[in-house]
Each structure stands twice: as structure tokens, then as C-alpha cells.
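[1] Have a look at this fold, sequence not included:
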């Protein structure tokens, strides 16, 4: 499965955000942002989109994402858009669906889920992503982000106890193709590992030259 899984927020930050959500949040039915074919299967609540708290959390998480070199290398992000904060309580979930290719705010190349909730505080609620032959259930840890191709069929399994609060969003990449992004990520990761191990050299300069020109060629 071509996904990236990283810790980008610490526990105190997540707990502080959860406390503010408990005291300040104005929640609404999450199905209002689902497509017509997915509305009935989306059983959660989401923070009002115009909420100043939602915008504040958006800015905090976007900064944490773009400051992480692995996120930047994996996503090659042009922009993060349609950022939502959602809460799924007992018996809630989101049935199988694929994210819209285009939203009012841009193209969705990559999707992400970041958990604010300690995974020991609820049961069920796994993010399950399909590959060609099988599904990958992921129980996301507090402060952890999972980034995966928006082309994947996926679902949120039913929460059986507790409350799952996460942030979700979509990324428009400079490179549309998933396989192209993966190759570029592997090339850059290998080059940076060589740089850390051996230092700069003429041969490594050629690798970075090839990476940069491939990115220029494949980007849009």
C-alpha cells in the first residue's frame, strides 16, 4: 500500500485541541459534505466549516505537515484544501467510498487523516484502505497522520465504543500521477540518505540534478 504514516503532533497539543473542541465546537451533520451516493453511509459530525477554531486547527496542522520533509517529499504539495474536523461516536462510521476527483477548492490527489484522539479511548473506527486484492485497516495513533492516494476505495469502520475525533483533508500535488510521485519520493529519500552518510559529491549532485529535472518534467 502506497501510504505514508508519521507522527506530526505531540500528545499535549492533541489534548489541548480536544479540550477546545469540547468547549467551543459547533458540530453539524457530516453528511452535508458527502456526495449524493455516499450521504447515507456517512454517520459522523463535523466542525462548522466557517468556525474560527476549524481555521485555526487547519493552519496549525498545515504548518506541521509542510515542515516535515517526508510529507513534502511524498506529497509534493501544491496546496492543502477542504480541511475538516470530524467526530464519530458509537455506531458511527463512513461506508466504502472514493473521494471526489475535483472539489470546489481543487483537485484531490492525496487524502489524509490525522487523529486527535488517543486510540485506546475508542474501539473500532479503523481507517480501512483497499488495494487491488486486500484491505489495510489502520488504527491511527494520537497525533499521527496517514496520507494515501485519493484514488483508493476506503472507509471508516464502525465505532463501537468511545469517540473518534480526527482531522481530514485533501492535497493537490504538483505531480498528478501516483507512480510518478512514488518514484520521485524514493529517489529523493535515497539521495538525502546518501548525503547524510557520505556528504556532498559530484555523483550526488548529478542525482539531485536528475531529480529536479524529473520533477520539472512531471509537474503540472
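    Perfect, I can see it now. All values reported here derive from a predicted model rather than from experimental measurement.

[2] do you know how far the closest residue to residue 69 other than its chain neighbours is from residue 175?
    Spatially, and ignoring its direct neighbours in sequence, residue 69 is nearest to residue 192 (7.7 Å; Cβ to Cβ, 6 or more residues apart in numbering). Just so you know, the C-beta spots here come from the backbone N, C-alpha and C atoms, and that holds for glycine as well. Here the criterion is Cβ to Cβ, to the nearest Å. By it, residue 192 lies 18 Å from residue 175.

[3] out of these two, which sits in the busier spot?
    More crowded of residue 192 and residue 175, by other Cβ atoms under 10 Å: residue 175, with 22 against 17.

[4] sec struct for the more buried one, please.
    Classification of residue 175 using DSSP: H, G, I helix; E, B strand; the rest coil returns coil.

[5] Run me through the strand neighbours of the top strand by length along the chain, direction for each.
    Criterion DSSP state E: the longest strand present in the chain is strand 77-88. Applying DSSP bridges, strand 77-88 is found paired with strand 45-47 (antiparallel), strand 164-173 (antiparallel).

[6] Just list the residues touching the most centrally placed residue in the chain, thanks.
    Geometric centre of the chain, nearest residue: residue 112, 1.4 Å, by Cα atoms, centre = their mean. By Cβ atoms under 8 Å, 6 or more residues apart in numbering, the contact list for residue 112 reads 65, 145, 146, 147, 148, 168, 169, 170, 171.

[7] Can you report how many residues neighbour the last one?
    The criterion is other Cβ under 10 Å. On that basis, residue 171 has 25 neighbouring residues.

[8] For it, give the beta-bridge partners.
    Following DSSP bridges, residue 171 is listed with bridge partners residue 80, residue 110.
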